[in-house]
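K.L.:
Here's my sequence, what's the structure:
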Amino acid sequence: MKNLIKLAFAALLSISFTNVKAQNKNIGNNNSLLWEVSGNGLSTPSYITGTFHILCNKDFELKDKVLKALQKSGTVVMEINYTDPEEIKTLQKMYQADKKISDQLSSDEARELDKILADYGTNLKSVDQSSPQVLYSLLATKAIPCPQTEIKLYEMELLQNAIKNKKNIKGLEKVNDQMKSINEAYDLKSTIAQLKLGKEYEVLFKKMITAFKNEDAQSLYTLFKDERFMNSQQEKAMLTDRNKNWVAVMPAMMEKEGSFFAVGASHLMGENGIIPLLQSKGYTVKPISSL
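P.N.:
Reported below is the predicted structural model:
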């Protein structure tokens with residue numbers, strides 16, 4: 001459980017702190033976080049659901065249509081295969097750093113970071129041996145409006161259901177792939193800059209939760225246009241490149257059998273979102289209100 005919480009915090013970067021630049025006109029204003037993929041030679045439909053990796057108990061709900069879509073599918077595919085022991089080992093290594101944080105900063109920068117970290121209930125000495133991902137997980141932790149004892153991991157709930165129903169479980173990428181994207185998007189200095197925006201993230205997170213509960217995909221899509229949170233280079237690393245990589249491997253999975261894809265909701269929309277990218281390949285992708 002502890003390892004999955006760490007992995008979820010890392011994965012949180014791909015949903016909660018992402019920005020998209022353009023609306024795809026083929027999507028319209030359909031409010032749904034569950035989509036059906038059919039056509040283009042598929043014998044059975046597949047499904048895509050947008051997730052919110054970490055939620056408070058009071059905000060958590062697995063909708064009936066999502067569970068039905070999972071049950072109708074032979075394979076459950078998440079961003080990462082959470083059941084792969086090798087992935088968990090890689091995850092643990094992710095938090096180990098080759099160089100101290102303080103060694104990468106000037107004395108003034110180190111003092112400033114120490115003051116910033118006080119707002120997160122820690123200090124530089126405590127995290128000095130850690131990777132920048134640990135710093136970012138602090139940001140994610142603080143943004144969640146409830147104690148860690150009251151959180152639900154959306155993917156964990158889906159995973160438990162998939163295991164119970166004896167589904168095949170796969171991943172769209174490896175932990176190393178995800179970490180490469182994060183490292184390309186957020187180096188130490190940019191991570192520290194984001195830590196300074198902690199209050200803004202807390203406000204943003206609450207708005208995202210409301211949009212997610214309302215299945216308001218358009219609001220989830222538009223909330224992060226503020227470039228304080230993500231510039232074009234970071235968007236490319238965290239969203240565009242990953243979406244294209246995923247859409248390249250999804251067809252083979254869908255052709256083999258009906259698949260249920262669960263990815264961060266911010267990956268669905270936008271010019272380079274999963275839905276328009278699949279549509280451009282000739283698939284019919286439509287929102288599902290009920291099953």
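K.L.:
Going by C-alpha atoms from here, please, whenever you check contacts or count neighbours.
P.N.:
Fine.
K.L.:
list the contacts for Ile169?
P.N.:
With contact taken as Cα atoms under 8 Å, 6 or more residues apart in numbering, Ile169 is in contact with 75-78, 81, 83, 162.
K.L.:
Ser38 now?
P.N.:
44-46, 283-285.
K.L.:
Does it have any beta-bridge partners, and if so which?
P.N.:
Thr284 (DSSP bridges).
K.L.:
can you redo the contacts of Ile169 as CSV with neighbour count and secondary structure?
P.N.:
Written out in CSV, the entries for the contacts of Ile169 read as follows (neighbours: other Cα atoms under 10 Å; DSSP: H, G, I helix; E, B strand; the rest coil):
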residue, neighbour count, secondary structure
Thr75, 23, strand
Val76, 25, strand
Val77, 26, strand
Met78, 23, strand
Asn81, 20, coil
Thr83, 14, coil
Ala162, 22, helix
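K.L.:
Give me the pLDDT for the residue in the chain sticking out farthest from the centre.
P.N.:
Relative to the centre of the chain, the most outlying C-alpha is that of Ser107, 34.2 Å out, by Cα atoms, centre = their mean. Reading off the confidence values, Ser107 has pLDDT 94.
K.L.:
Then Leu7?
P.N.:
The predicted structure scores Leu7 at 47 on the pLDDT scale.
K.L.:
Equivalent analysis for Tyr201, please.
P.N.:
Looking at Tyr201, its pLDDT reads 84.
K.L.:
Identify the residues contacting the residue farthest from the centre of the chain.
P.N.:
If you count contacts by Cα under 8 Å, 6+ apart, then Ser107 has nothing around it.
K.L.:
Can you show me the helices along the chain?
P.N.:
If DSSP state H is used as the criterion, the helices of the chain fall at 2-12, 64-72, 85-94, 107-118, 124-127, 132-143, 154-164, 175-185, 188-195, 198-213, 217-222, 232-235, 241-256, 274-280.
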